[in-house]
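need a structure here:
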Amino acid sequence: MTTAGMKSQLQSLPERPGVYMFEDRSGEVIYVGKAKSLKSRLRSYFNSSGRRYKSRLIQQEADDFDYLITENEVEAYILEANLIKKYGPKYNIQLKDDKTYPYIKVTVQEDYPRILKSRMVREDGARYYGPYADVGAVYRVMNTVKDLFKLRRCSGELDAAAERNGPCLNYHIDKCRAPCQGKIGRSRYRAQIENICRFLAGYQDDLLGQVEDRMQKAAADRNFERAADFRDGLQALKKLTRQQKVASGSSHNLDVIGLVREEEADMACAQLLFIRNGSLVGQDYVMLRGVVGEDPGEIAASFLPRFYAGSSDIPPQILLSSLPEKVEMLEKSLKKRREGGRVELKMPRRGEKSRLVEMAEENARQNLKKNAIKRRYQEEKSARELQQLQEELKLERKPFHIEGFDVSNLKTSDSVASLVVFKGGNPSKEMYRRFRIKSVSGQDDYAMMQEVIERRYSRLLEEERKLPDLILIDGGRGQLNAAVEVLEKLGLQNLNIVSLAKQDEEIYISAEESPLKLPGNSPGLQLLQRVRNEAHRFAVNYHRKLRSRRLTESMLDQIRGIGPARRKKLLQHFGSLGQIRNATPEDLQEVEGISDELAARVYEYLQEHTRQV
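Residues are numbered from 1 along each chain as shown. Sure thing, here's the model as predicted:
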């Protein structure tokens, strides 16, 4: 669609809040934005005066736009964050480390509470502590407190009045006090849980002292293996809490975010400090890209809704180094995620809280410096690789844009292929593509490669998009000839294309009779190997995902109580049958609609009927 065509659509736009999406010629979403008035906001992109640098780029590349109306601006904030996470548009600020953080969940709503790990916070009566950046430390802490207090490890809620057949194995090996048999009273058991909760809330001295006493006693009894377990647990406890009282004499629950920008590198760093009851219980940082032309306040406005997406465990106060323009609107959107609890965004200028922000900013600067050193090293390394590859393959220019292909069928159904893209010697994962083979039956790898090459480059020609500097095929002479035949049919016989055979690491070039053999330490060969290996990894993972999904659907359909809706939720939550099989009943209960009884049924069935996929 032309610019004039898009302008003509503006007349019908509503004066309503909502979210808009710009798409390029291939239909890919390149930018997601929010607006108080969709009509006014979208008109600004086609107003030649006063447009920002990024707006000009979007307007030049956009071929169409779409929009969604929301009830108010708060809903637009939330929807924008979800759509950015879904599409990963290249002109939005991107979180390089888009991840979720684990929490420790204590099921205090039960008569005999359990301690679990969770990446989701629900309004279920349990207490959640975190988030924690070190998942390994979380597991070690959970194991230590379970061993120390001999807490129950069985799944499901345990009713104090329920009758049981007999104690489980954990009781007989002295790892559980068998509350199911009345071996420990409810009040005493819950007192131990409260002790653990105090530790997780930041009051760590008592519990640390108890673990250290147990360690010393085990060592005195010459039970060195047990002493080593308590030593490792003690280290994990200290690591989790950091033992650092950063807000002396206070009991604040807050997050501190220091945002520092390095515009020349189009990068920014958000350093996070998680403070609970005045103690620094965790820290992490997130690198952001696509920040050119954005001031720190705008970066914060983009970062906050996405960082806290899906979490209701948001502290009542968040300290920032820069405040966004629409602070009140952001506070309302975060309050909605916090399920009604007030959230205050502040930029302190003096005092204790100001020092916390300064500490976060200083750490963010250091992280940017470390990132810059790594980036310079990688750029120099990539330049050497591209230079040598150009010389060895006798190319007219450096192969800045390389596309690599691989086919995966594993002698079964679900035949697939992968396309990976490297630019400047580094993966451009947003440009990766996966293909399900449509026209080939059986095990004809050559025909499968031809199908994928034709689908990829006929589309690029149709959409008049830029062609790669070099194509790499995983395989030998046969795979290369099959691909060359398709390129010639498309009129692309001048495209540079080679194949890399894994057995002897020989490079086949269409115009050369003999393969090229480079030494193992050759920078050019190492670049081709990275592209080939990445294409292979991407194809195999896709093949396994499809196979796992097919097996999951057929296997889960056999379990009473699992229908299409619950099957879909299980697959979305865990990703594969192997992951579902490896989940504990407690993990399964985190999925919406999976009760304690159903979780136990799923767990028992899969343990009996499956092997790891």
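
can you give me the mean pLDDT across the strand or helix carrying residue 448?
For residue 448, the host element (DSSP states H and E) is helix 445-462. Averaging pLDDT along helix 445-462 yields 93.

what helices or strands is that helix leaning on?
strand 401-408, strand 416-423, strand 433-436, helix 477-489 (3 or more CB pairs under 8 Å, 6 or more residues apart in numbering; DSSP states H and E). Using the backbone N, CA and C atoms, a C-beta is placed for each residue, glycine as well.

Check the offset of it from the chain's centre.
Computed by CA atoms, centre = their mean, to the nearest Å, the chain-centroid distance of helix 445-462 equals 31 Å.

Any chance you could list what contacts it?
With contact meaning CB atoms under 8 Å, 6 or more residues apart in numbering, helix 445-462 is reached by 26, 403, 405, 407, 409, 415, 417, 419, 433, 435, 437-440, 466-467, 473, 475, 478-479, 482-483, 485-487, 489-490, 492, 495.

per-residue confidence at residue 383?
pLDDT recorded at residue 383 is 91.

Doesn't it lie inside a helix?
Yes: when DSSP: H, G, I helix; E, B strand; the rest coil is applied, residue 383 is found to be in a helix.

change the start of the numbering to 19 and stick with it
All set: I'll call the first residue 19, so the last point we hit is now residue 401.

Looks to me like residue 286 is in a strand.
Yes: assessed with three-state DSSP, residue 286 lies in a strand.

can you pull the contacts of residue 458?
Neighbour list for residue 458: 433, 465, 466, 469 [criterion: CB under 8 Å, 6+ apart].

Can you turn the buried subset of these into a selection I can paste into PyMOL?
Applied in PyMOL, the following selects the buried portion of the contacts of residue 458 according to 16 or more other CB atoms under 10 Å:
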select buried, resi 433+465+466+469
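
Which of the contacts of residue 458 sits closest to residue 615?
Checking those against residue 615 with CB to CB, the nearest one is residue 433 at 39.8 Å.

And the closest one, how far from residue 424?
Per CB to CB, to the nearest Å, residue 433 is found 12 Å from residue 424.

what's the least confident helix or strand in this protein, going by average pLDDT?
Least confident helix or strand of the chain, by mean pLDDT, DSSP states H and E, is helix 21-27 with a mean of 67.

Report the rounded mean pLDDT for the next helix or strand after it.
The C-terminal neighbour of helix 21-27 among helices and strands, as given by DSSP H and E, is strand 36-41. For strand 36-41, mean pLDDT is 88.

quick one: buried residues of strand 36-41?
For strand 36-41, burial by neighbour count (16+ other CB under 10 Å) applies to 36, 37, 38, 39, 40, 41.

Pretty sure the last one sits against residue 24.
No: shown here, residue 41 and residue 24 do not form a contact pair, counting by CB atoms under 8 Å, at 10.4 Å.

list residues touching both of those two?
Shared contacts of residue 41 and residue 24 (CB under 8 Å, 6+ apart): 80, 82, 83.

quick one: the last one from residue 618, how far?
If you measure residue 83 against residue 618 using CB to CB, the figure is 49 Å.

Please apply the same query to the first one.
Applying CB to CB, one obtains 52 Å for the distance of residue 80 from residue 618.

Walk me through the domains of this structure.
21-108, 121-259, 272-387, 412-562, 575-627 (automatic domain parsing).

Tabulate these (CSV), appending distance to residue 402.
Shown next, in CSV, are the domains of the chain (distance: least, CB to CB, whole Å):
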stretch, distance to residue 402
domain 21-108, 27
domain 121-259, 35
domain 272-387, 21
domain 412-562, 5
domain 575-627, 38
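
Of residue 83 and residue 618, which one has the most company?
For residue 83 versus residue 618, the count of surrounding residues by other CB atoms under 10 Å is larger for residue 83: 21 against 16.

Sort out which one of the shared contacts of residue 41 and residue 24 lies nearest residue 560 for me.
Proximity of these to residue 560 (CB to CB) peaks at residue 82, which lies at 28.4 Å.

Identify the residues contacting the helix or strand harbouring residue 165?
Using DSSP H and E, residue 165 maps to helix 153-167. By CB under 8 Å, 6+ apart, the surrounding residues in contact with helix 153-167 are 120, 122, 133-135, 148, 150, 169, 171, 193, 210, 213-214, 217, 225, 228-229, 232, 247-248, 250-255, 257-258.

and the spatially closest residue to residue 89 that is not a sequence neighbour, how many neighbours?
Residue nearest to residue 89 in three dimensions, not counting chain neighbours: residue 35, with 7.6 Å by CB to CB, 6 or more residues apart in numbering. As a burial measure, residue 35 scores 21 neighbours (other CB under 10 Å).

what's the answer for residue 349, then?
18.

Just list the residues touching it, thanks.
Contact analysis of residue 349 by CB under 8 Å, 6+ apart lists 360, 361, 362, 363.

ok, of those, which come out buried?
Counted by 16+ other CB under 10 Å, the contacts of residue 349 give 361, 363 as buried.

what's the lowest-pLDDT member of the contacts of residue 349?
residue 360 (86).

That one is in contact with residue 353, isn't it?
Yes: Residue 360 is in contact with residue 353 according to CB under 8 Å; the separation is 6.0 Å.

So what's the gap between the helix holding residue 165 and the chain middle?
Chain-centre distance of helix 153-167: 24 Å, with CA atoms, centre = their mean.

quick check: mean pLDDT across the helix or strand following it?
On the C-terminal side of helix 153-167, the closest following helix or strand by DSSP H and E is helix 187-190. Regarding helix 187-190, the rounded mean pLDDT is 82.

Contacts for helix 187-190, please.
In contact with helix 187-190 (CB under 8 Å, 6+ apart) are residues 170, 171, 172, 194, 195, 196, 199, 201.

Per-residue confidence, residue 265, what does it come out as?
On the pLDDT scale, residue 265 gets 41.

scratch that, residue 177 is what I was asking about
So residue 177 comes in at 66 (pLDDT).

Can you give me every residue that contacts residue 363?
Applying CB under 8 Å, 6+ apart, one finds that residue 363 lies in contact with 322, 336, 338, 341, 342, 345, 348, 349, 352.
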